[in-house]
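Participant: Fold the following.
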Amino acid sequence: MTKQDLINAAAAGAGVTKKAAADVLEAVLSTITKTLKKGDTVTITGFGTFRISKRSARVGVNPRNPTEKIKIPAMKLPAFKAGKGLKDSVR
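Facilitator: Sure thing, here's the model as predicted:
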């Protein structure tokens, strides 16, 4: 399912225009992104939790030259943990 498919399904399910559904989806995604940038978590009860996962710095191997070691910097990554309601409905 693509973003456009999601907009179409939301518009049909809520009985609103596709533009209104697209605006709401953009607002929700923007809010989740801004909240994660601040370092906070976003919990949607029954669906799941979006959070920031921290990956520490490490030494890796250059795939083009396996004898060469490279430093991989520490970084923050978005992570999602599915909630009980979502897990149960998929099973």
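
Participant: what's around the residue nearest to Ala74 when sequence neighbours are not counted, how many residues?
Facilitator: Leaving aside its sequence neighbours, Ala74 sits nearest to Ala57 (CB to CB, 6 or more residues apart in numbering; 4.2 Å). Where you see a C-beta, it was placed from the backbone N, CA and C, and this is true even at glycine. If you count neighbours by other CB atoms under 10 Å, Ala57 ends up with 9.

Participant: And for Glu68?
Facilitator: 10.

Participant: Ile72 contacts Asn62, doesn't it?
Facilitator: No - the pair Ile72 / Asn62 is not scored as a contact, 10.6 Å apart, by CB atoms under 8 Å.

Participant: So the residue nearest to Ala74 sits against Ile72, correct?
Facilitator: Yes - contact criterion CB under 8 Å: Ala57 and Ile72 qualify, at 6.5 Å.

Participant: which residues does Thr43 contact?
Facilitator: By CB atoms under 8 Å, 6 or more residues apart in numbering, Thr43 lies in contact with 49-50.

Participant: so which strand or helix has it?
Facilitator: Element membership for Thr43, per DSSP states H and E: strand 42-44.

Participant: separation between the residue of the chain most remote from its centre and Ala22?
Facilitator: Distance to the chain centre peaks in the chain at Thr67, reaching 35.1 Å (criterion: CA atoms, centre = their mean). Plainly put, Thr67 is 51 Å away from Ala22 if you go by CB to CB, to the nearest Å.

Participant: what's the answer for Val16, then?
Facilitator: Distance from Val16 to Ala22, by CB to CB: 10 Å.

Participant: Also Ala9?
Facilitator: In terms of CB to CB, Ala9 sits 12 Å off from Ala22.
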